[in-house]
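Enquirer: Fold the following.
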Amino acid sequence: MTYCLSTLRLFCCAVGLASVCGAIAGAEAADPSDELVPMVIELLADADKDVRALGFDQVRTSAPGEQATLEFAAQLRKLAPEGQVGLLSALADRGDPGARDEVAATLKSTADEKVRSAAIATLGALAGPADVQLLIELVSSGEPAARAAARASLAKTACGETVALIRAELNRAPAALRMDLIEVLTTRRALEALPDLLQAAVDDDGSVRSAAMTGLGQLAGAQEVPEMVRGVLKASRGSERQAAERSLLLVCNRAKTENTKAEPLLDAVNALSDAERQAILPTLGRTGGEGALRMIESAIADQDPALHDLGVRSLCNWPSAAIAPRLKELATSEEHDAHRALALRTLLRVAPLPDGRTDEEKLALLQQAAAMCTRDEDRQFALERAAAIRTLESLRFVVPYLDQPTFAPQACQSIVELAHHRGLREPNKAEFDAALDRVLAISDDPTVRDRATRYKNGQTWNRPR
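Expert: Sure thing, here's the model as predicted:
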C-alpha cells in the first residue's frame, strides 16, 4: 500500500510539473521562478527519495537562468546530507557558475565525507581559476576521500586556466603533490605539459620520476624519446628502471613495424657516451629491430666479460620470436651455464608470442625448446607457456604430463586455462572432457577443480581481479 501511495504521489508531482512547464512555454513573458522554482524546491525537501530525484532532474533541466540557480543552490544548507549530495550533483550537471558560492560554503561548513566529495566534484564543474587553486590545495592537504575527489575534479574541470595553474604549481610543489598533479595532467592528456613531464623524469625524487615516465608513456611522441632515454638512465636499477623502460617502449611501439619503432631510440642512443650506450642496451633489447640487434651482437662479441654478459641479457629481453635461431644457438653453445639457461628460458617465453606466426609454428618452437630442457623448472615453464597457444594440439602436448607427479599440477593448470576458451573447448568437447576428468581425479587445487567442473558443464568462470 505504501509503495502504491508513493508511486501515486510521484505521478501527481510529475503531472503537476508538466502542467506548469507547459503553461510557462505557452506564455510569452512568463517568469519560471513564479511557479516552477517553488515547486521544484518543494520536491527537493520531500521525504520520498523518488520525489527528490524528480526534483534533482528538474534542477538539471528546467527553469534556466541565474536567479533560478541561486534559489536552487540556497537549498543546500537546508537539506540532509543525502539530499545535499543529490542537489550538488544536479547543480554540477546544470553547470551554472551562479551556484559556486553556495557550493563553496557547503564544502567549508560540512564534515560529512560524502557531501564534501560531492561539493568538490561540483566545484570542479563550476570552477574558475581561484577554485582550481583550491582544488590543488585539497589534493595536497585534504583527507584521503577529499584528495581523491579533488584529483578527479581537476582532471575534468573545464576551466581554461587549469593546465597553466597546475604547471606553475609543479615548479614549487613537494614531491607527493607533484606526483598527483602529473597524474592529473596525464588524465587530461595535457600535451602542452610535456616539457614539465620531461623535466620531472630526471628529478632527484624517484617517485616523481616514476610518475613522470608513466605520464610520458601515455602522452609522448617520437620527438620526446631522446629525453625519455635520459629518464631511463636516471632511474634507479631494478623496478624503477624496468617501469621507465616500459613507458619508453609504449612510445616506441606506436610505430608500425619492429624496425621503425626502434628508430627514435637508436637516434637517441647514438648521441650517448659509451657508458650510457651500454646502460641502455637492455632497453634496446626490449625494443627489438635490426639496429638494436647490431649493437647487442657487438656487445656479445666483446672480449670484456661484463660487456658480453650485458649483451646476452639484453638479447634475452627481445620482444618477439624473431630472435629464436640465435637463442637456440646461445642455449647450446654459450660458455657459461647461466647464459645457456637464460637463453633457453627466453626461447620458452617468446615461443607463443603473437608476432605473425601461425599457432602451429608457435607450438613447434615451444616443443623444440621443451626438448632442450634439462631442468624441471624449465619444463614447468614450457607447460605454462603452452596454455597461451589456444589449439587442440597444445592440449595434446600437455596431457601426457598428467602422468608425471612433478609436472601434473602445472599440466592441470594449463588444461583448465585452455578449456577456458569456449571456442576451442566446445568443438572438441569429447577430448577436453576426458582431459578435465583426469584433472578432477588428480588435482587438489580447489580453483582448478572448480574450473574443470564448470567447463565440463558448459559454464563460465570469471577470473579474479
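
Enquirer: Low-confidence regions, the protein specifically.
Expert: Scanning the chain for pLDDT under 70 picks out 1-34, 255-259.

Enquirer: Looks like K234 contacts V202 (just checking).
Expert: Yes. Between K234 and V202 there is a contact under Cβ atoms under 8 Å: 4.6 Å. Backbone N, C-alpha and C define where each C-beta goes, glycine included.

Enquirer: which residues are common contacts for those two?
Expert: R209 (Cβ atoms under 8 Å, 6 or more residues apart in numbering).

Enquirer: what's the burial count for G458?
Expert: Other residues within reach of G458 by the criterion other Cβ atoms under 10 Å amount to 10.

Enquirer: what does Q459 give?
Expert: Neighbours around Q459, by other Cβ under 10 Å: 10.

Enquirer: Kindly provide the distance from it to H420.
Expert: Separation of Q459 from H420 (Cβ to Cβ, to the nearest Å) stands at 11 Å.

Enquirer: Now do the contacts for F56.
Expert: F56 neighbours (Cβ under 8 Å, 6+ apart): L44, G86, L87, S89, A90.

Enquirer: mind giving me CSV with the residues you listed and columns for secondary structure?
Expert: Shown next, in CSV, are the contacts of F56 (DSSP: H, G, I helix; E, B strand; the rest coil):
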residue, secondary structure
L44, helix
G86, helix
L87, helix
S89, helix
A90, helix
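
Enquirer: pretty sure S109 is in contact with L76, am I right?
Expert: No. Assessed by Cβ under 8 Å, S109 is found out of contact with L76, at 9.5 Å.

Enquirer: How about the secondary structure of P354?
Expert: coil.

Enquirer: And it, its phi and psi?
Expert: When quoted as degrees, to the nearest 10, the phi and psi of P354 stand at phi -80, psi 100.

Enquirer: I'd like to know how far it sits from A369.
Expert: From P354 to A369 the distance is 17 Å (Cβ to Cβ).

Enquirer: A341 now?
Expert: Distance from A341 to A369, by Cβ to Cβ: 12 Å.

Enquirer: What of E360?
Expert: Taken as Cβ to Cβ, the span from E360 to A369 is 15 Å.

Enquirer: between S109 and L76, who's got more neighbours?
Expert: L76 (23 against 12).

Enquirer: So the more buried one sits against L87, correct?
Expert: Yes. If you go by Cβ under 8 Å, L76 and L87 touch, sitting 5.9 Å apart.

Enquirer: which of A341 and A369 has more neighbours?
Expert: Per other Cβ under 10 Å, whichever of A341 and A369 has more neighbours is A369, with 26 against 17.

Enquirer: quick one: what helix or strand has that one in it?
Expert: Take DSSP states H and E as the rule and A369 turns out to sit in helix 359-371.

Enquirer: buried sites along the helix or strand just after that helix?
Expert: Counting by DSSP H and E, the next helix or strand C-terminal to helix 359-371 is helix 376-386. Neighbour-count burial for helix 376-386, with 16 or more other Cβ atoms under 10 Å as criterion, is recorded at D378, R379, Q380, F381, A382, L383, E384, R385, A386.

Enquirer: Tell me the spacing between A220 and Q367.
Expert: Applying Cβ to Cβ to A220 and Q367 gives a distance of 40 Å.

Enquirer: out of these two, which sits in the busier spot?
Expert: The neighbour comparison of A220 against Q367 (other Cβ under 10 Å) goes to A220, with 24 against 15.

Enquirer: Is it correct that the more buried one is in contact with A193?
Expert: No. Using Cβ under 8 Å, A220 and A193 do not qualify as a contacting pair, with a distance of 11.1 Å.

Enquirer: And for N428, the neighbour number?
Expert: So N428, with other Cβ under 10 Å, has 15 neighbours.

Enquirer: Skipping its backbone neighbours, what lies nearest it in space?
Expert: Closest residue in space to N428, ignoring its immediate chain neighbours: L392 at 5.1 Å, by Cβ to Cβ, 6 or more residues apart in numbering.

Enquirer: Over to T346?
Expert: Nearest one to T346, counting by Cβ to Cβ, 6+ apart, is C316 at 4.1 Å.

Enquirer: right, and the one you found touches L344 too?
Expert: No. Applying Cβ under 8 Å, one finds C316 not in contact with L344, separated by 9.8 Å.

Enquirer: Mutual contacts of these two, please.
Expert: L327.

Enquirer: can you give me the angle the helix holding A369 makes with helix 376-386?
Expert: Angle, helix 359-371 to helix 376-386, by axes from the mean of the first three to the mean of the last three Cα atoms, to 10 degrees: 170 degrees.

Enquirer: What are the buried residues along helix 359-371?
Expert: So, applying 16+ other Cβ under 10 Å, buried residues of helix 359-371: D359, K362, L363, L365, L366, A369, A370.

Enquirer: Not counting sequence-adjacent ones, nearest residue to the third one?
Expert: Spelled out, it's L363. Here the residue nearest L363, using Cβ to Cβ, 6+ apart, is I389, at 5.1 Å.

Enquirer: Likewise for the first one?
Expert: In space, and not counting its chain neighbours, D359 is closest to T391: 4.8 Å by Cβ to Cβ, 6+ apart.

Enquirer: how near is the one you found to Q413?
Expert: Distance from T391 to Q413, by Cβ to Cβ: 17 Å.

Enquirer: can you check A73 too?
Expert: 58 Å.

Enquirer: Those two: which has the busier surroundings?
Expert: A73 (24 against 21).

Enquirer: So that one sits against A104, correct?
Expert: No. Using Cβ under 8 Å, A73 makes no contact with A104, being 10.4 Å away.

Enquirer: what residues are up against the residue nearest to N428?
Expert: Per Cβ under 8 Å, 6+ apart, neighbours of L392: L424, N428, E431.

Enquirer: Repeat that for G458.
Expert: Per Cβ under 8 Å, 6+ apart, neighbours of G458: E426.

Enquirer: Give me the neighbour count for T110.
Expert: 17.

Enquirer: how near is the residue nearest to it when sequence neighbours are not counted to Q84?
Expert: Counting by Cβ to Cβ, 6+ apart, T110 lies nearest to R116, which is 5.9 Å off, once chain neighbours are set aside. Separation of R116 from Q84 (Cβ to Cβ) stands at 10 Å.

Enquirer: again, but for D304
Expert: 70 Å.

Enquirer: Looking at these two, which one has more neighbours?
Expert: Neighbour count, other Cβ under 10 Å: between D304 and Q84, Q84 has more, with 22 against 11.

Enquirer: how about the more buried one, secondary structure?
Expert: Applying three-state DSSP: Q84 is helix.

Enquirer: next one: L272
Expert: Note that with three-state DSSP, the state of L272 is coil.

Enquirer: hey, where'd the helices end up in the stretch 1-150 of the chain?
Expert: Here the stretch 1-150 of the chain has its helices, by DSSP state H, counting those that start in this stretch, at 2-26, 32-44, 49-61, 66-73, 81-94, 100-109, 113-126, 129-141, 144-156.

Enquirer: Could you say which of the ones you listed is packed most deeply?
Expert: helix 113-126 (a mean of 24; mean count of other Cβ atoms under 10 Å).

Enquirer: Many thanks, we can stop here.
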